[in-house]
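Asks: Next comes the sequence, and after it the predicted model I'd like to discuss.
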Amino acid sequence: MNIVLFGPPGSGKGTQAENLAKEYNLLKVSTGDLLREEISSKSKLGEEIDKKISKGFLVSDNILNNLIENILKKNNSFKGLVFDGYPRTLNQLKILEILIKKYNQKISFVFSLNVDKNTIIKRILGRESCSNCGLIFNEFFNPSNTKSHSCDPKFLTKRTDDNEQTILKRIETYKKETLPVLKYYKNQSLLHEIDGVGDISHIYKQIRSIINTLEAWLYNVYLYK
Ligand code: AMP
């Protein structure tokens, strides 16, 4: 089972991808995380990527397509992939379709998390993640506290691209470059729109209910065929 998650920056894709990965034993493929890892390695490629990300621009399709092919060709032990932040352009979509066929895979579900602009801005400005355990928090909506997080608060860090200047650019890029990709999946009847405002566990329940209902339906169709 391969899943694609869409949503503007700050819509909660990363958190929901994490939930899906855990429950369905999927490998979470967050292109943002992979690119940030490359930046941390201080490589020449990382420097190039950093220049784009810090201004709120997309990184070149070639870099992304290579990253994704390297993941798909690995014969890993997971039951599938959950894409968080890919494909983000029509060109990436075209390449993903080619790779999916080449590696005998298919996209089973596509979810779009819908969140209004004011909530996005508040979420992004409050977002912080733990560099020790990887958990994501929000100082306004979901603060780290002794109940929810056992690491020292000194590990909580903010992303360099989570600032007011880049947010608007990232939202604009999402509308211009990524909404056409969503339209493609809608025409394929793969898209499920989810209200991404509200409690994290409530949003996740909506996603898993769609997956479980459709999986059960498909199972019955095959059983009685
Ligand atoms: P994210 O962590 O998904 O919010 O991504 C952070 C930044 O990484 C984006 O604003 C882009 O600059 C870059 N990025 C992540 N995924 C992609 C992608 N599929 N294509 C191009 N750039 C990407």
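Replies: Looks like it came in fine.

Asks: which stretches of this structure form strands?
Replies: 2-6, 27-30, 81-84, 107-114, 127-130, 136-138, 156-157, 191-195 (DSSP state E).

Asks: Could you pick out the longest helix of this structure?
Replies: Across the chain, the longest stretch assigned as helix under DSSP state H is helix 200-223.

Asks: That one to strand 191-195, inter-axis angle?
Replies: Taking axes from the mean of the first three to the mean of the last three C-alpha atoms, to 10 degrees, one finds that helix 200-223 is oriented at 150 degrees with respect to strand 191-195.

Asks: Reformat the strands of the chain as JSON lines; add distance to Leu179, mean neighbour count and mean pLDDT.
Replies: Just so you know, the C-beta spots here come from the backbone N, C-alpha and C atoms, and that holds for glycine as well. Output for the strands of the chain, formatted as JSON lines (distance: least, C-beta to C-beta, whole Å; neighbours: other C-beta atoms under 10 Å; pLDDT from 0 to 100):
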{"stretch": "strand 2-6", "distance to Leu179": "9", "mean neighbour count": "24", "mean pLDDT": "97"}
{"stretch": "strand 27-30", "distance to Leu179": "20", "mean neighbour count": "19", "mean pLDDT": "95"}
{"stretch": "strand 81-84", "distance to Leu179": "17", "mean neighbour count": "24", "mean pLDDT": "96"}
{"stretch": "strand 107-114", "distance to Leu179": "9", "mean neighbour count": "20", "mean pLDDT": "97"}
{"stretch": "strand 127-130", "distance to Leu179": "22", "mean neighbour count": "20", "mean pLDDT": "92"}
{"stretch": "strand 136-138", "distance to Leu179": "24", "mean neighbour count": "18", "mean pLDDT": "89"}
{"stretch": "strand 156-157", "distance to Leu179": "30", "mean neighbour count": "14", "mean pLDDT": "94"}
{"stretch": "strand 191-195", "distance to Leu179": "12", "mean neighbour count": "16", "mean pLDDT": "97"}
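
Asks: want to throw those strands into a markdown table with distance to Thr173?
Replies: Below are the strands of the chain laid out as a markdown table (distance: least, C-beta to C-beta, whole Å):
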| stretch | distance to Thr173 |
| --- | --- |
| strand 2-6 | 13 |
| strand 27-30 | 17 |
| strand 81-84 | 16 |
| strand 107-114 | 16 |
| strand 127-130 | 18 |
| strand 136-138 | 21 |
| strand 156-157 | 23 |
| strand 191-195 | 20 |
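
Asks: picking up where we left off before, name the helices or strands packed onto the longest helix of the chain?
Replies: Packing partners of helix 200-223 (3 or more C-beta pairs under 8 Å, 6 or more residues apart in numbering; DSSP states H and E): helix 13-24, strand 107-114, strand 191-195.

Asks: what comes into contact with it?
Replies: Helix 200-223 has contacts (C-beta atoms under 8 Å, 6 or more residues apart in numbering) with 1, 3, 12, 15-16, 19-20, 23-24, 109, 111, 113, 142, 192, 194-196.

Asks: buried residues in that helix?
Replies: By 16 or more other C-beta atoms under 10 Å, the buried positions in helix 200-223 come out as Ile200, Ile203, Tyr204, Gln206, Ile207, Ile211.
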